[in-house]
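Enquirer: I'd like to go over a predicted model; first the sequence, then the structure.
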Amino acid sequence: MSEKPILVWFRQDLRLSDNPALTAAVDSGAPVLPVYVLDDETPGRWAPGGASRWWLHHSLAALSERLERRGATLHLVRSKNAAETIRTLASEIGAGAVHWNRCYEPFAIARDKNLKQALKSDGIGTESFNASLLFEPWAVKTKSGTAPKVFSPYWRALRALGDPAEPLPAPEHIRGAMASTEGEKLEDWNLLPTKPDWASGFNKHWKPGEAHAQARLDWFLETALEDYKDGRNFPAKPYVSRLSPHLHFGEIGPRQIWHRTIAFCHAEDRNPFAGSAEHFLKELVWREFSYSLLYHNPDLPEACLRPEFEHFPWDRSDKALNAWQRGQTGIPIVDAGMRELWQTGYMHNRVRMICASFLIKHLMVDWREGEAWFWDTLLDADLANNSASWQWVAGSGADAAPYFRIFNPVLQGEKFDPDGDYTRRWVPELADVPDRCLQKPWEAPGDPAPDYPDPIVDLAAGRDRALAAYKNLGDAEPEKVAAWG
Ligand SMILES: Cc1cc2nc3c(=O)[nH]c(=O)nc-3n(C[C@H](O)[C@H](O)[C@H](O)COP(=O)(O)OP(=O)(O)OC[C@H]3O[C@@H](n4cnc5c(N)ncnc54)[C@H](O)[C@@H]3O)c2cc1C
């Protein structure tokens, strides 16, 4: 049993169960100092957005309480250089080792690599683990040994590896170590907005923390999994898990979701690799695929994977972007989604695709503007998932929806919100518009929604403009032009 303490650096793994960095430290018998550093050094554009900061506050409060109950105090430090802070803390407590679970953002990889070297030169060992993915991004390879660029081969390659490791239980007792100085107070970090408190609506919809993440998974398996495959496309229906912010902050890990889903299916005598259950596991693997894309293409958040898209004639005026951000485009399903996002920090996946497509194609705004807005306003803002998804919708990614496939937001709204419940919930000005015109209120007789704006763009003209611009890029296939929905 070592007497030298181990520093466990928490990052995107704010949980005690299936946390291999923590478990290895506890199992060594050494005293453990759990640390979280609020890192203001993260490259500017990708510092945590406003909504993420709200979640982080509550998630850290929950983690701190759970650690305390097991015997350890979470040491909080705010710093402009997280790695340097960890190095100093480790020296001050005479640490035998520093443990962490790996992050996969390019700047985090570089930071951790340098820290490993620096600690080595201080005579302090490091151990890093995988807590946030089913498999490491470098482990999922095609038969020829390369990283799959398209989802289906990615899924096959991942399945060829068998099931991921079984999740670890939470340590029952942690022998806590103390830092040489007192930690900071979470309340002093001002992560919650005050003037104005634009996040006041979040409390109604979300409960951050490990216990709530587990409860949400149980709720999903018991009430929604069966209908997930088809139901997941209908934003008014409760058939998606809403686990994404819990997953992003690591309050629950994908291995826990994977194994719990399989056990649930077996208990119900159902095949987990068929129907809705398999579809759910596949979505979890879309997340892995995004991480693989980011790992192998560190520019993914900033640069089009298909370089010809860098020459696209984006509309740089603010008018269209502002109307989209505020949910005032005059296109009901788009405005509903953008307002859901603002008020709850979440938007349903189907509607994310519609809103993103509308911004990029009908308004011809650069996908990076939408990506940045989502980054600031989504509670589940995640560098891998967000950038891969935006590039997918833009058609500029590796495995992407072709640019010439343009969602028709009216048809999408009619198909996926047939009763109009979702649209009317978020756009109450449309309450009196008859169902048949709800997604195109400009065709409604009389003026049933006087406070609702006219469409910012004529949909047919906007679509033609985008297709013409795409054609000019040089490799369009106009005969394949099709509208989705
Ligand atoms: C433009 C755009 C931006 C997006 N930005 C993000 C983001 O910043 N963070 C984020 O987590 N997801 C993002 N997504 C993917 C997806 O919309 C969300 O993961 C999903 O809506 C989360 O809801 P859920 O947890 O109920 O999903 P469920 O349907 O219950 O799926 C379970 C889990 O699988 C993963 N998943 C599901 N769909 C996808 C997908 N299409 N791609 C990758 N992983 C998926 C998520 O981790 C999700 O929590 C984006 C999608 C689009 C179209």
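Expert: That came in fine, so what should we check first?
Enquirer: low-confidence stretches in this protein?
Expert: Scanning the chain for pLDDT under 70 picks out the ranges 1-2, 40-41, 400, 474-485.
Enquirer: up against the ligand, what does it have?
Expert: Within the chain, the residues that sit near the ligand (CB under 6 Å from any ligand atom) are 232, 240-244, 247-248, 283-284, 286-287, 290, 349, 352-353, 356, 374, 378, 380-382, 385-386, 389-390, 393. (Each C-beta comes from the backbone N, C-alpha and C, glycine too.)
Enquirer: quick one: the helices in the stretch 1-150 of the chain?
Expert: 20-27, 50-70, 82-92, 106-121 (DSSP state H, counting those that start in this stretch).
Enquirer: just name the most buried of these.
Expert: helix 20-27 (a mean of 22; mean count of other CB atoms under 10 Å).
Enquirer: check the offset of that helix from the chain's centre.
Expert: When distances are taken as CA atoms, centre = their mean, to the nearest Å, helix 20-27 is centred 26 Å away from the chain's centroid.
Enquirer: please name every helix or strand in contact with that helix.
Expert: Packing partners of helix 20-27 (3 or more CB pairs under 8 Å, 6 or more residues apart in numbering; DSSP states H and E): strand 6-10, strand 32-39, strand 97-101, strand 125-129.
Enquirer: let's go with 6 Å and repeat that
Expert: strand 6-10, strand 97-101 (3 or more CB pairs under 6 Å, 6 or more residues apart in numbering; DSSP states H and E).
Enquirer: please parse this protein into its domains.
Expert: In terms of domains, the chain is parsed into 6-132, 133-164+210-296, 307-484 (source: automatic domain parsing).
Enquirer: Throw those into JSON lines and include distance to M178, thanks.
Expert: Shown next, in JSON lines, are the domains of the chain (distance: least, CB to CB, whole Å):
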{"stretch": "domain 6-132", "distance to M178": "7"}
{"stretch": "domain 133-164+210-296", "distance to M178": "23"}
{"stretch": "domain 307-484", "distance to M178": "33"}
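Enquirer: re the thing from before, of the residues of the chain next to the ligand, which belong to strands?
Expert: When those are checked against strands (DSSP state E), there are no matches.
Enquirer: in PyMOL, how would I select the buried members of these?
Expert: Selection of buried members from those for PyMOL, criterion 16 or more other CB atoms under 10 Å:
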select buried, resi 232+240+241+242+243+244+247+248+283+284+286+287+290+349+352+353+356+374+378+380+381+382+385+386+389+390+393
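Enquirer: in helices only, show me the residues of the chain next to the ligand.
Expert: Of the positions in the residues of the chain next to the ligand, 244, 247-248, 283-284, 286-287, 290, 349, 352-353, 356, 374, 385-386, 389-390, 393 sit in helices, assigned by DSSP state H.
Enquirer: on that earlier part again, return the most buried member of the helices and strands packed on helix 20-27.
Expert: Scoring the helices and strands packed on helix 20-27 by mean neighbour count under mean count of other CB under 10 Å gives strand 6-10 as the most buried, with a mean of 27.
Enquirer: give me the contact list for it.
Expert: Contact partners of strand 6-10, identified using CB atoms under 6 Å, 6 or more residues apart in numbering, comprise 21-22, 25, 30, 32-36, 86, 90, 95, 97-100.
Enquirer: which two among these are spaced furthest apart?
Expert: A30 and Y36 (19.3 Å; CB to CB).
Enquirer: between those two, tell me which one has more neighbours.
Expert: More crowded of A30 and Y36, by other CB atoms under 10 Å: Y36, with 24 against 19.
Enquirer: which residue, other than its chain neighbours, is closest to the more buried one?
Expert: F10 (4.8 Å; CB to CB, 6 or more residues apart in numbering).
Enquirer: now A431. Nearest residue, chain neighbours left out?
Expert: Here the residue nearest A431, using CB to CB, 6+ apart, is R424, at 5.8 Å.
Enquirer: can you give me phi and psi for that neighbour?
Expert: Dihedral pair for R424: phi -70, psi -30, per degrees, to the nearest 10.
Enquirer: burial measure for it, as a count.
Expert: 20.
Enquirer: now it: how far from P445?
Expert: Taking CB to CB, to the nearest Å as the measure, R424 falls 18 Å from P445.
Enquirer: any idea which element the closest residue to R326 other than its chain neighbours lies in?
Expert: In this structure, R326 finds its nearest non-sequential neighbour in M338, 7.2 Å apart by CB to CB, 6+ apart. Using DSSP states H and E, M338 sits within helix 332-344.
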